[in-house]
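A.B. asks: Kindly return the folded structure for what I paste below:
(2 chains)
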Amino acid sequence: MRNLVIEPTSKTPKVILNADLGIFEITGRSIPEDAIGFYRKVLDWIEEYSKSPLSETVFKFQLEYFNTSSSKCLLDIFRKLERMHKNGNKVQIRWHYDSDDEDMAETGQDYQALLDVPFELVPV
Amino acid sequence: MKDEYFVEETAFLEEARARAERGGLPPHEWREAYAKLVENYESLLKVVQVLTHQATQLESKLEKARAQLELQRKALSHEVEGLERQVQYQQREVHKKAQERDILYDRMGRTRMMLIVLFAVLLVIVAFVAYYIFIDTEQMIRFVKSVRGLD
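C.D. replies: Predicted coordinates for the structure are as follows:
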């Protein structure tokens, strides 16, 4: 399947979804007005990928700031990864956050509590 | 309003509503459907809790940023007032210095004119003396004698 790379802008994060190299990451800030429009491609890509995933999928998230609608889209991504996990695939989510940013750590904890998938909090 | 963020949840709700309206399900299927509805409701409630928490965090961050901006605006406003006062003071100083310079130029002009007149007078005297010493010496001798009373 084709890899998906989206370069960052002042309002959208960098997205690298490379099944060949096993790199899955979303980094930067996410405050688009049309979050669903931005994340649609990502969600579709994951949906396609989930049909024949790698033996292990480690998804890295390192967001410095995001709006509420992006948060819902992230939850949709997490739900897809959770479904992959429930289907017997090895999936891990790594939530990287600035060690000084308590809010982002708390947000990671919120997601962790909500999901039934390995979810690691990584302070950087 | 069409909500694109809760498409799956809306579709599930529509399905549950349609099933309830149709009716005629055996009791165990009702239980299953009800259990699924409760599961989805629980999941949705957790999502709402997370989103509400995050929205509150964002509002709090925005409020802090707004308060900080207000403080900076006040500090800048204070700085601008100080700078305006300084500019006004400097303008007054420049005006004062310009007046002093004009007065000085005026004095220098008068002094220059006096010096020119003085120099001209001196030149006339020197020319007069030189004339009688070098050109009309006899007249000079007569003049000196008359002054000393030697005639």
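A.B. asks: right, quick check: the helix ranked longest in chain A against chain B, any contact?
C.D. replies: Longest helix in chain A, counting residues (DSSP state H): helix A:68-86. Yes. Applying Cβ under 8 Å from any Cβ of the partner chain, one finds helix A:68-86 touching chain B at A:68-69, A:71-73, A:75. The C-beta positions use only the backbone N, C-alpha and C, and glycine is treated the same way.
A.B. asks: moving C-terminal of that helix, what's the next helix or strand?
C.D. replies: Per DSSP states H and E, the first helix or strand lying C-terminal to helix A:68-86 is strand A:90-97.
A.B. asks: what does that next one contact?
C.D. replies: A:53, A:55-63, A:78, A:81-82, A:84-85, A:104-105, A:107-108, A:111-112, A:115, A:117-124 (Cβ atoms under 8 Å, 6 or more residues apart in numbering or on different chains).
A.B. asks: ok, the residue nearest to the spatial centre of chain B to B:Arg73 distance?
C.D. replies: The structure's chain B has its C-alpha centroid closest to B:Val80; by Cα atoms, centre = their mean the separation is 6.4 Å. According to Cβ to Cβ, to the nearest Å, B:Val80 and B:Arg73 sit 10 Å apart.
A.B. asks: and A:Leu63, backbone torsions?
C.D. replies: Note on A:Leu63: backbone dihedrals following degrees, to the nearest 10 are phi -110, psi 140.
A.B. asks: For the nearest residue to it once chain neighbours are set aside, what are phi and psi?
C.D. replies: Distances taken as Cβ to Cβ, 6 or more residues apart in numbering or on different chains place A:Ser30 nearest to A:Leu63, at 5.9 Å, with adjacent residues excluded. According to degrees, to the nearest 10, the main-chain angles of A:Ser30 amount to phi -130, psi 90.
A.B. asks: For A:Ser30, which residues are in contact?
C.D. replies: A:11-13, A:38, A:63, A:65-67, A:70, A:74.
A.B. asks: do that again at 10 Å, thanks
C.D. replies: Residues in contact with A:Ser30 (Cβ atoms under 10 Å, 6 or more residues apart in numbering or on different chains) are A:8, A:11-13, A:15, A:38-39, A:61, A:63-67, A:69-71, A:73-74.
A.B. asks: Give me the pLDDT value at the residue of chain A positioned farthest from its centre.
C.D. replies: Here chain A reaches farthest from its C-alpha mean at A:Asp100, the gap being 21.0 Å by Cα atoms, centre = their mean. In this model, A:Asp100 is scored at 92, pLDDT.
A.B. asks: can I assume it is in contact with A:Pro123?
C.D. replies: Yes. If you go by Cβ atoms under 10 Å, A:Asp100 and A:Pro123 touch, sitting 9.0 Å apart.
A.B. asks: Of the contacts of A:Ser30, select the buried ones using a PyMOL command.
C.D. replies: Those of the contacts of A:Ser30 that count as buried under 16 or more other Cβ atoms under 10 Å in any protein chain shown are selected in PyMOL with:
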select buried, chain A and resi 12+13+15+38+39+61+63+66+67+69+70+71+73+74
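A.B. asks: can you list the residues of chain B near chain A?
C.D. replies: B:3-8, B:43, B:46-47, B:49-55, B:57-61 (Cβ under 10 Å from any Cβ of the partner chain).
A.B. asks: Mind giving me the ChimeraX command for buried ones among these?
C.D. replies: Buried subset of the residues of chain B next to chain A, written as a ChimeraX selection, criterion 16+ other Cβ under 10 Å:
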select /B:5,47,50,51,54,57,58
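A.B. asks: Appreciated, that's everything.
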